[in-house]
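> sequence and computational prediction follow.
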Amino acid sequence: MAEQRAENLSVVVHRAGDLRLENRPVPEPGPNEVLLRMHSVGICGSDVHYWQNGRIGDFIVKKPMVLGHEASGIVIKVGSSVTHLKPGDRVAIEPGAPRDFDEFCKIGRYNLSPTIFFCATPPDDGNLCRYYAHNANFCYKLPDNITFEEGALIEPLSVGIHACRRGGVTLGSKVLICGAGPIGLVCLLVAKTMGAAQVVITDLSTSRLEKAKEIGADFTIQIKKETPKDMACMVQGLLNSMPDITMECSGAEASIQTGIYATRSGGTLVLVGLGPEMVHVPIVNAAVREVDIKGIFRYCNTAGLPDSRCGASCSQATFPEMGLTWSQERPVQRKRKSCPSPTYPGLAAGAQQTVAHGDCYACIQESGHQAFGYTPLPFGKSAGGL
Ligand SMILES: [Zn+2]
């Protein structure tokens, strides 16, 4: 009962411009839910939009809604059917949990389920509060070496993972990223980690481009007054070829135009940023060069994928393409002894480089339990010879 009396201060948006701090009841977890004491919650652009504009596109705040969806917390109570989590577990929260096992769930694209629950998307409440109950299957245990703050950042990182998967980023890819805001930067981190050989990133802001350079961009372009065609030429000049994949993270019309002109024939343009509903784009140019234009809606399966090595009930966060799995067990220590191939596969012939057992690509691919870190893995940096 003590928990019931505890204050559950929550950040609630009532309508555009009307944000309040309210004390709400502490929820009781349902059979498949866990009650969490929240620890870290990021403030996303969408939270700010709902506060300032009361809507994002067709999602309209019609009744008071708790903000927040980039979050981590600690389990304090589990529902009657929950077996994989226990009080005291530290978890990252995946804010989108499907309500129905519909056709989209069946094909693994549950982010497209029209009835999905998603924190802080009207009418669903978010978790910028002290106590919050969530579907236990969408809570992922954090190992001791991951902080709560890092746990909360899994959510924006997931956008980058999903965007890179949709674009088909792989070893040796040449990638253009338009926009060096937080999402452009997570796309950059993930692209390099998935093996992109070279990444060019563009923005208006010098400081954003400096940050991009610092975290691994091979080239940066500060946009001044260039036309989209000029931009495409500049990108091609830097890469010595057109990029295979463009990730448009600004939503600006001119930038989408650049994305089409810049992407190599047969390549893919991923629309990550959202801008105006209607835009004017060189669609014939894209059509006759078979440039695939793909959208993304949030993400799916970016953490905690059932994994043959962990068993279907695995509740720990995994990033298969990134060769990363979170675990407190770290059996990677055992793998080091039997490492079959202490070289990076991305190196050009004759440029063999020996690396520590356990850090090589083969180890990382084989290991189901590589500890997670924010530093991009080394093989991405070494793929320039491809
Ligand atoms: Zn967000």
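Right, received. Where do you want to start?
> hey, let's count contacts and neighbours off CA atoms from now on
Fine.
> what is the rounded mean pLDDT of the helix or strand harbouring Val190?
Under the criterion of DSSP states H and E, Val190 resides in helix 182-193. The average pLDDT for helix 182-193 rounds to 97.
> other SSEs contacting that helix?
helix 154-167, strand 174-178, strand 198-203, helix 378-381 (3 or more C-alpha pairs under 8 Å, 6 or more residues apart in numbering; DSSP states H and E).
> most tightly surrounded among the ones you listed?
strand 174-178 (a mean of 28; mean count of other C-alpha atoms under 10 Å).
> tilt between that strand and strand 198-203?
Computed by axes from the mean of the first three to the mean of the last three C-alpha atoms, to 10 degrees, the angle separating strand 174-178 from strand 198-203 equals 10 degrees.
> strand 174-178 vs helix 154-167, what angle?
Going by the same axes, to 10 degrees, strand 174-178 makes 130 degrees with helix 154-167.
> and strand 174-178, average pLDDT?
98.
> contacts for it?
The set of residues external to strand 174-178 that reach it, using C-alpha atoms under 8 Å, 6 or more residues apart in numbering, is 169, 184, 187-188, 191, 196-203, 235, 239, 242-250, 255, 259.
> then stretch 99-117?
So stretch 99-117 is in contact with Pro95, Gly96, Ala97, Pro98, Asp124, Phe297, Arg298, Tyr299, Cys300, Asn301, going by C-alpha under 8 Å, 6+ apart.
> now, those residues that are in strands?
Gly96, Ala97 (DSSP state E).
> turn the contacts of stretch 99-117 into a markdown table, including pLDDT.
Listed next are the contacts of stretch 99-117 as a markdown table, based on pLDDT from 0 to 100:
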| residue | pLDDT |
| --- | --- |
| Pro95 | 98 |
| Gly96 | 98 |
| Ala97 | 98 |
| Pro98 | 97 |
| Asp124 | 98 |
| Phe297 | 97 |
| Arg298 | 97 |
| Tyr299 | 97 |
| Cys300 | 97 |
| Asn301 | 96 |
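> now for the contacts of stretch 99-117, which pair is the farthest apart?
Asp124 and Asn301 (20.8 Å; C-alpha to C-alpha).
> what sits against Ala254?
Ala254 touches Thr227, Pro228, counting by C-alpha under 8 Å, 6+ apart.
> now do 7 Å
Pro228 (C-alpha atoms under 7 Å, 6 or more residues apart in numbering).
> sorry, back to before: of all the helices and strands packed on helix 182-193, which lies closest to Ala71?
helix 154-167 (7.6 Å).
> need the contact partners of that closest one.
So helix 154-167 is in contact with 70, 94, 183, 186-187, 190-191, 245, 268-270, 272, 296, 298-299, 302, going by C-alpha under 7 Å, 6+ apart.
> distance from it to the middle of the chain?
The chain centroid and the centroid of helix 154-167 are separated by 4 Å under C-alpha atoms, centre = their mean, to the nearest Å.
> give me the angle between it and helix 182-193.
60 degrees.
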